[in-house]
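In: Need coordinates for the below:
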Amino acid sequence: MILNQAAFAAPPSLTFGNAPVFLNTRQPSFKTESFGIFKDTKFTERAVLQFRTEMSNPFNRVVFGAPVSDLSAGNFGRITSVANSPRNIQFGLKMVF
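Out: Here you go, the predicted model:
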């Protein structure tokens, strides 16, 4: 959805307009997931080796940012940014004794 730039007008110099400082535009919904797997392996009664995998954004969903709300911009009303980061996976190995 693109905002209609003709529906807005810049106020005259040295005057206040009737629009808020930031336009109350809606942006796409935001979904966030994270996932973790832990595996403990006992070697002795006190020594445990823990392997862990942690993922943020495991499904690699793209969440688009808010539309450009600068009236003088050529891309007014268009979504040009991403609001989240791509999939991130980390592995860990920990010895607990």
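In: Alpha carbons only: can I get stretch 12-21 in CSV?
Out: C-alpha atoms of stretch 12-21 as CSV (Å, rounded to 0.1, in the frame of the first residue of the first chain):
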residue,chain,number,x,y,z
PRO,A,12,3.8,27.8,4.5
SER,A,13,7.1,29.1,5.9
LEU,A,14,7.2,30.0,9.6
THR,A,15,3.8,28.5,10.3
PHE,A,16,2.6,25.4,12.0
GLY,A,17,0.7,22.8,10.1
ASN,A,18,-2.1,20.7,11.4
ALA,A,19,-0.4,17.3,11.1
PRO,A,20,1.5,15.6,13.9
VAL,A,21,5.3,15.6,13.9
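In: Touching it from outside, list them.
Out: 8, 10, 11 (CB atoms under 8 Å, 6 or more residues apart in numbering). From N, CA and C alone the C-beta is placed, and that goes for glycine too.
In: Among those residues, which ones are in helices?
Out: Members of these lying in helices (criterion: DSSP state H): none.
In: Return the entry from those residues with the maximum number of neighbours.
Out: In terms of neighbours by other CB atoms under 10 Å, the contacts of stretch 12-21 top out with residue 8 at 14 neighbours.
In: That one touches residue 73, doesn't it?
Out: No - using CB atoms under 8 Å, residue 8 is not in contact with residue 73; the gap is 11.6 Å.
In: Now do the shared contacts for the two.
Out: In contact with both residue 8 and residue 73: no residue, using CB under 8 Å, 6+ apart.
In: Now do the contacts for the residue most central in space within the chain.
Out: The centroid of the chain falls nearest to residue 84 when counting by CA atoms, centre = their mean (2.3 Å). By CB under 8 Å, 6+ apart, the contact list for residue 84 reads 30, 32, 57, 61, 62, 63.
In: give me that answer again for 7 Å
Out: Contacts for residue 84 were tallied using CB atoms under 7 Å, 6 or more residues apart in numbering; they are 32, 57, 63.
In: from the residues you listed, which is closest to residue 94?
Out: residue 57 (23.7 Å; CB to CB).
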